[in-house]
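S.K.: sequence? don't have it. structure:
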């Protein structure tokens, strides 16, 4: 049980174990982490807030961890107290780079898999990353208390993957605590201690940085060589920025200031900066006066992969949206944005995200924390266009895609890994083919589970790939992908015109073979969504000047209330006043009134557009 | 079309003694004054009807004075007395009376005359006053109509609705279509003017059905015809049937076709439209009581749930007959709530109501936001160019009458 913890900055590396937990979203990572905090005495049962490590509301609600953290826990084996640093990792494909940095801060990883479900594609991807980082892997099956658990089957699967004997796969229940003490013992026993040069110039790797309203940016680091001490001046090796170290310490489970951090230790730094961009994940921290000559490898600037226009539904919220983005940026080094004007949607921002989940999280935070009502345009990827005269155009907004004299268009592609029961191979192949995928290979993980590797255009994944994959495999398939460069593709821009006026928010870049289907789908959707007007409204989908699909919204013929006598007058006036309010939520496209709801529904990828119209 | 919400509007509390602001009372001498009497009884409730009516069964034994058929006239006269006190001595003689419902002819003709007598005693009837009662073709007789005429009624409005049996069945109207002709003849014999009410757009009604109803009505040669699109009101049996999918919701296009057919056939038969849903054979056959509603006249609504208007104040009585009668018996105002219209709301109503009339709305009555819309409405074929130029009036075209909501929004400058 609870031990006397070792003091930071005075802990020999041999007594330190740094590890992370690799797990799929709902495989119980947070519950297991909570249980470890409890059994090591870092948090007592009374303080225990379920899933202690996931701090943001959105994270807790979605059951996912966006931002990693590191907790220092004491654990005693054979009379010797050790220091365990548990580094939490983001679990989603959008954050592969962040995951790789968290892994680089560890010597070992717990591979945690639900004993009723088996390994998922994202877990597998992170497992590869861990093995590439030479981490020692401890395979663990969780939720062994569940009636549906099948530990024999999945132990064999895990053992086969990492090349151990099935009997070496540990079995725990985060919920009941069964097996957790043994797991803690195994962490001490199996994982190697960190190795570093205590006398060398200090080097520490940033694996996370978080903006805190009261403290400013809190930077999480793993010390590799030397040590960091309070009040010294530090330097960031990629940006050359220097700061004074105002506070240094460890998390256990709240921030505890210390006299410094030594080789192999994990903790936090506070320098008073306000923007996480000044404390970049992957960067190396060193002493300003005695700097290290070489940075720890692996640093990379975050690169947005998916773009979307964000517009306030109420145009007067534009300044509020700008302020909100400015605030979010402090805590999100990957978020980029610039002002953009849409003829249809007004003033807004073109925002770049790491992926779809990142987009959703940002959008949700803007709406929830800043009370904004937003429209987001269909997410798109970045295209590179070479014109006939050799000039290069980067397109982040479909309505800026150039026409004519285009020599070549390149789109980003990803390497995707799909894990699924083998009965769905056919369905998955069909889907991937329809999404322009190239099969790279296929392996059986066990008798009835298969891993399929595809190269796919990112744009296809961004559209509705994941939903379709889930629905075609009854939810069994899991997906992971990593960017894999660009490919030349036959892409065109499809515009949507209402009464001959192009609606920029609906322009989309699609493969030539799918342009027609896309045009028909959009025109049909809009026909159902836009209310009838006083005049007929033609809806056209067009590539350049060539119309590829057409629908008509017939003119409205009657809106009068036939009966309007003494008792009807107040009611009728109120109805009119309500219509006046409704007008405020209309956007004019030429002479056509389009309700906000129609934009939102047309831009959402689901097909739940209302069929019945007035 | 959509299902309409039918709750009474929200309003401000009404004073217990019913008193009105001085500036509202000050309008009394200069405007026509009417009385509406709401008789809240029906033998059965029709499936489409959301009016404030009660069947005998719904009212139970009716021991509360005024809440039953036998005692209604007594309570109504009490409200008339109360109204006289509230309005005071500057009230002009009554120029129109309209008894509606419900089914006013559930009351005896004598009771209806009793109520009219009290109106006459309290305020006096103006020369040539128009006195109308609605009537169910099944519940009038030559004798009852003669009694009404002798008592001062000048006009009867018969709820014909349709001449087609399957349409009447869907509407759950129980009257025998043949009774309509008998009632018209009897009313005319008694010296009463006759109006027929028709409904179009009933689920299952074809264009041919509607033509039959129109032609049947015209063949009876009434003085006046009203034709209303069926409105499926929230809370009615018909709305429930529509929600279940048992009845199709009438479409606006179908109603537009039927409106155009009505206007065409009625015009050809010599009936001129004078309001969106009303046609009359002669100018003097127009319903003056209703015209006063659209022209901003003052009226007192007597009866449960009845609405009133005096000088920019609108109020409405409590809806249940027992609650209404209870208030009156304790000397309290039966008003449930009221609204005092702002200048802006008065303008909205002026445009909303005035534009429904063939007389038209003077362009001078529009404000700076609305006046610029006139040219565009002419260009769109929604208002009559000649009348706009010649009379400086906004008069709806046939197409404009169907799109009156759009026209009104534009005339209010709401785009």
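M.R.: Yep, it's here. The model shown is predicted, which means the values in this text are computed figures rather than measured ones.

S.K.: Give me the neighbour count for the closest residue in space to residue A:327 that isn't next to it in sequence.
M.R.: Spatial nearest neighbour of residue A:327, chain neighbours left out: residue A:370 (7.7 Å); criterion: Cβ to Cβ, 6 or more residues apart in numbering or on different chains. No exception for glycine: its C-beta is placed from N, CA and C like everyone else's. For residue A:370, the neighbour count with other Cβ atoms under 10 Å in any protein chain shown is 16.

S.K.: Over to the one 3 residues further on?
M.R.: Here the neighbour count serves as a burial measure; for residue A:373 (other Cβ under 10 Å) it reads 15.

S.K.: same deal with residue B:265?
M.R.: 19.

S.K.: what's the neighbour count on the residue in the stretch 101-250 of chain A positioned nearest to chain B?
M.R.: Nearest residue of the stretch 101-250 of chain A to chain B: residue A:148, at 40.7 Å (Cβ to the nearest Cβ). Neighbourhood size, residue A:148 [other Cβ under 10 Å]: 9.

S.K.: I'd assumed residue B:348 was in contact with residue A:577.
M.R.: Yes: Residue A:577 sits in contact with residue B:348 when judged by Cβ atoms under 8 Å, with a separation of 7.4 Å.

S.K.: Show me where the chain dips below the pLDDT cut-off.
M.R.: Because you didn't say which chain, this covers chain A. Within chain A, the ranges that satisfy pLDDT under 70 run A:1-3, A:45-68, A:90-94, A:585, A:604-614.

S.K.: let's do chain B instead
M.R.: Along chain B, segments meeting pLDDT under 70 span B:1-9, B:57-58, B:60-66.

S.K.: From the centroid of it, which residue is nearest?
M.R.: Closest to where the C-alpha atoms of chain B average out (Cα atoms, centre = their mean) is residue B:290, at 6.5 Å.

S.K.: how much space is there between that one and residue B:259?
M.R.: 18 Å (Cβ to Cβ, to the nearest Å).

S.K.: can you check residue B:130 too?
M.R.: From residue B:130 across to residue B:259, the span is 26 Å (Cβ to Cβ).

S.K.: what about residue B:248, neighbour count?
M.R.: Residue B:248 - counted by other Cβ under 10 Å - has 11 other residues nearby.

S.K.: got the contact list for the residue lying closest to it once chain neighbours are set aside?
M.R.: Nearest residue to residue B:248 in three dimensions, chain neighbours excluded: residue B:203, at 5.1 Å (Cβ to Cβ, 6+ apart). Neighbouring residues of residue B:203 by Cβ atoms under 8 Å, 6 or more residues apart in numbering or on different chains: B:170, B:238, B:242, B:247, B:248, B:249, B:250.

S.K.: so what's the first one up against?
M.R.: Residues touching residue B:170, when contacts are defined by Cβ under 8 Å, 6+ apart, comprise B:47, B:202, B:203, B:204, B:205, B:247.

S.K.: how does it look with 10 Å?
M.R.: The contact partners of residue B:170, by Cβ atoms under 10 Å, 6 or more residues apart in numbering or on different chains, come to B:47, B:48, B:162, B:164, B:202, B:203, B:204, B:205, B:230, B:238, B:241, B:247.

S.K.: Check the gap between it and chain A for me.
M.R.: Residue B:170 sits at a distance of 18 Å from chain A (criterion: Cβ to the nearest Cβ, to the nearest Å).

S.K.: Now do the SS call for that residue.
M.R.: The local conformation at residue B:170, judged by DSSP: H, G, I helix; E, B strand; the rest coil, is helix.
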